[in-house]
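Undergrad: predicted model and sequence below, questions to follow.
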Amino acid sequence: MIGWLHPTSWPITVKVPLAVAALMILVGVVLSERVLTHLDESQQRHLRDLAQSYLDGLSSAAAPSILRDDVWEVFDAIERAQALNKSVNPAETIVANADERVIAASDPRRFPIGSPVPRVVLDQTHAQPFWFDIGGDRAYAMRTLAYPGREVGTIFASFDTSHLASERRGVILTLAATNGLLTFLLAAAGWVLVARMMRPIRVLSDHLGSARESGATPIAGEIVAHSRGEFARLFIAYNELVHSIDQRHELSARLAEEEKLSSLGRLASALAHEINNPLGGIFNALATLKSHGHLESVRAGSIDLVERGLVGIRDVVRSTLALHRTDGSTRDLIPADIDDLCLLVAPEASRRSVTVSIHNGLAGKVPVPSSSVRQATLNLLLNALAAAPPGSRVDLSARVADGRLMLEVEDRGGGLPAATAEQLTGASTSRPLRDGSGLGLWMTRRLMDMLDATIAVERPEEGGTVVRIRVPVPQHEVLADVA
């Protein structure tokens with residue numbers, strides 16, 4: 001509600017009609033002022049001319065009678081002048097001598113002969129030949145009579161202007177009604193026009209809002225077909241963008257599947273290598289038993305070698321089954337999941353002459369999906385082994401602190417390339433290369449995004465790369481385990 005009090009928060013369908021209405025009101029006020037000014041000037045000029053004509057005729061007829069002090073002749077001149085100038089609507093007329101005493105008046109009872117001219121009559125003229133109160137009911141005029149060479153008297157006259165005031169009020173009402181009607185009509189037309197113009201923008205805004213909440217959906221074909229000009233091109237471009245997003249999601253799914261198959265291939269190769277080594281020892285022990293099984297010492301040593309080889313194969317198979325089970329269930333991470341990684345990467349580490357050191361600080365279950373965490377950590381370990389020089393060491397540490405699962409993988413190689421580091425941390429959204437390079441780290445990024453985890457890459461001064469993963473752990477479940 002408070003936001004609506006600020007004009008900047010109003011929708012454009014409200015602001016534009018209001019702006020049109022305000023502009024029309026301003027234009028109406030200016031035009032009305034000019035019309036009324038012109039009307040006032042015209043009324044005043046016309047009335048002045050009529051008043052001067054009235055005074056001219058009265059002066060010519062009354063001046064000789066004033067010199068003779070012929071009161072009746074002056075009174076008769078006033079009556080004749082009023083009868084001849086009815087168009088000017090003379091209300092009151094007073095003829096005074098040089099001493100400002102009444103000689104004759106149109107209303108002798110109100111202005112008796114010989115009485116001084118009332119002060120109010122002198123003030124009404126404002127010592128001006130003509131004075132008109134615009135919008136008022138009276139106008140006043142004064143004429144000084146000189147004969148010859150001396151002042152013999154003064155004529156004071158007032159005129160009824162109520163008809164002019166009524167005309168002016170009628171013009172004002174007409175202007176107000178006309179401007180109000182035009183303002184309303186133009187504001188309504190502006191609202192309809194802007195609402196029609198904003199309809200495509202509203203359609204696009206609704207689709208963008210739904211894209212943020214439930215995914216992007218294309219604009220219906222009939223809406224695009226009925227659109228014209230820029231909006232049609234905008235809708236087509238938006239639909240192409242939605243199509244591109246869908247294609248990108250499909251490509252991401254295919255790349256994930258390819259990475260899964262690639263990981264399975266690498267794992268199969270590692271398993272074959274890991275199982276082949278103890279199998280060779282077992283076959284050698286069996287051959288020894290066949291040849292020298294009658295000797296107790298040889299028999300005991302050969303059986304012990306066979307047992308250790310079978311135990312090694314069993315551990316590898318168990319770790320593989322735990323890591324790649326396909327029942328779809330989600331299991332919490334346990335310390336053994338981290339320890340099993342050493343067995344899975346042992347063949348690759350042996351082939352590259354790299355030592356793998358695991359510091360497992362997990363004391364119990366951690367309520368995070370074990371498969372995602374193990375797969376991401378395995379990818380980082382394989383990448384670290386590929387970068388580590390022969391004779392060096394790769395370290396893996398795992399612990400829970402501050403409500404997060406903390407995983408760190410460190411190698412002593414030449415350092416992770418900047419482009420690869422950006423892809424791993426999410427700073428870059430570029431796709432992995434077509435040759436498959438970067439797929440493991442790209443998949444690691446996707447797995448951690450699903451867990452709302454963060455990945456940081458550091459390059460220590462002494463060389464190598466440190467990759468740190470921070471996975472949020474539900475606080476109430478962690479506290480339950482601790483308790």
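TA: On my side now, so go ahead.
Undergrad: isn't Ala96 right up against Val117?
TA: Yes. If you go by C-beta atoms under 8 Å, Ala96 and Val117 touch, sitting 4.9 Å apart. Heads up, the C-betas are built off the backbone N, CA and C, glycines and all.
Undergrad: list residues touching both of those two?
TA: Residues touching both Ala96 and Val117 (C-beta atoms under 8 Å, 6 or more residues apart in numbering) are 102, 154, 156.
Undergrad: are any of those buried, and which?
TA: 102, 154, 156 (16 or more other C-beta atoms under 10 Å).
Undergrad: what about the stretch 1-150 of the chain, any weak spots by pLDDT?
TA: 1-7, 12-13, 125-127, 148-149 (pLDDT under 70).
Undergrad: which residues in it form helices?
TA: 12-67, 71-84, 119-125 (DSSP state H, counting those that start in this stretch).
Undergrad: helix 12-67 and the second one, what's the angle between them?
TA: It refers to helix 71-84. Angle, helix 71-84 to helix 12-67, by axes from the mean of the first three to the mean of the last three C-alpha atoms, to 10 degrees: 150 degrees.
Undergrad: which helices and strands does the longest helix that the chain contains pack with?
TA: Criterion DSSP state H: the longest helix present in the chain is helix 229-292. If you count contacts as 3 or more C-beta pairs under 8 Å, 6 or more residues apart in numbering; DSSP states H and E, helix 229-292 packs onto helix 162-214, helix 221-225, helix 296-323, helix 335-352, helix 370-387, helix 439-450.
Undergrad: apply 7 Å and report the result again.
TA: helix 162-214, helix 221-225, helix 296-323, helix 335-352, helix 439-450 (3 or more C-beta pairs under 7 Å, 6 or more residues apart in numbering; DSSP states H and E).
Undergrad: reformat these as a markdown table; add mean neighbour count.
TA: Below are those laid out as a markdown table (neighbours: other C-beta atoms under 10 Å):
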| stretch | mean neighbour count |
| --- | --- |
| helix 162-214 | 14 |
| helix 221-225 | 13 |
| helix 296-323 | 15 |
| helix 335-352 | 18 |
| helix 439-450 | 20 |
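Undergrad: ok, of those helices, where does mean pLDDT dip lowest?
TA: When those are ranked by mean pLDDT, helix 296-323 comes last with a mean of 69.
Undergrad: about what we covered before: so which of the helices and strands packed on helix 229-292 comes closest to Ala386?
TA: Smallest distance to Ala386 across the helices and strands packed on helix 229-292 (C-beta to C-beta): 7.8 Å, for helix 335-352.
Undergrad: ok, then the element right after that closest one?
TA: strand 355-360 (DSSP states H and E).
Undergrad: buried residues, that next one. List them.
TA: In strand 355-360, counting by 16+ other C-beta under 10 Å, buried: 356, 358, 360.
Undergrad: looking at those, spot the one nearest Gln82.
TA: Using C-beta to C-beta, those come closest to Gln82 at Asn360, 123.9 Å.
Undergrad: tell me who's in contact with that closest one.
TA: 335, 338-339, 398 (C-beta atoms under 7 Å, 6 or more residues apart in numbering).
Undergrad: repeat for Pro112
TA: Val102.
Undergrad: look up phi and psi at it.
TA: phi -60, psi 150 (degrees, to the nearest 10).
Undergrad: would you map out the domains in this structure?
TA: According to automatic domain parsing, the chain comprises the domains 3-169, 222-324, 328-483.
Undergrad: dump the ones you listed to CSV, plus distance to Gly209.
TA: Formatted as CSV, the domains of the chain follow (distance: least, C-beta to C-beta, whole Å):
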stretch, distance to Gly209
domain 3-169, 15
domain 222-324, 13
domain 328-483, 23
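Undergrad: and of the ones you listed, who's closest to Gly190?
TA: Nearest to Gly190, of the domains of the chain and by C-beta to C-beta, is domain 3-169 at 4.0 Å.
Undergrad: tell me the residue in this protein that is farthest from the middle.
TA: Within the chain, Arg68 marks the point farthest from the mean C-alpha position, 92.2 Å out by C-alpha atoms, centre = their mean.
Undergrad: could you check how far that residue is from Ala216?
TA: According to C-beta to C-beta, to the nearest Å, Arg68 stands 108 Å off from Ala216.
Undergrad: Thr377 too?
TA: 33 Å.
Undergrad: compare those two (neighbour count), which wins?
TA: Thr377 (23 against 18; other C-beta atoms under 10 Å).
Undergrad: thinking again about what came up before, closest one of the contacts of Asn360 to Arg228?
TA: Nearest to Arg228 among the contacts of Asn360, with distances taken as C-beta to C-beta, is Ala398, at 61.3 Å.
Undergrad: so that closest one lies in a strand, does it not?
TA: Yes. Counting by DSSP: H, G, I helix; E, B strand; the rest coil, Ala398 is part of a strand.
Undergrad: what is the neighbour count of it?
TA: For Ala398, the count of nearby residues is 24 (other C-beta under 10 Å).
Undergrad: excluding its backbone neighbours, what's nearest it?
TA: Leaving aside its chain neighbours, Ala398 sits nearest to Ile338 (4.8 Å; criterion: C-beta to C-beta, 6 or more residues apart in numbering).
Undergrad: likewise Leu182?
TA: Leaving aside its chain neighbours, Leu182 sits nearest to Met24 (6.1 Å; criterion: C-beta to C-beta, 6+ apart).
Undergrad: roughly how far apart are the one you found and Leu173?
TA: Taken as C-beta to C-beta, the span from Met24 to Leu173 is 18 Å.
Undergrad: now do Gly229
TA: From Gly229 to Leu173 the distance is 45 Å (C-beta to C-beta).
Undergrad: distance to Thr288 added to the helices and strands packed on helix 229-292, as a markdown table?
TA: Below are the helices and strands packed on helix 229-292 laid out as a markdown table (distance: least, C-beta to C-beta, whole Å):
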| stretch | distance to Thr288 |
| --- | --- |
| helix 162-214 | 68 |
| helix 221-225 | 78 |
| helix 296-323 | 5 |
| helix 335-352 | 24 |
| helix 439-450 | 42 |
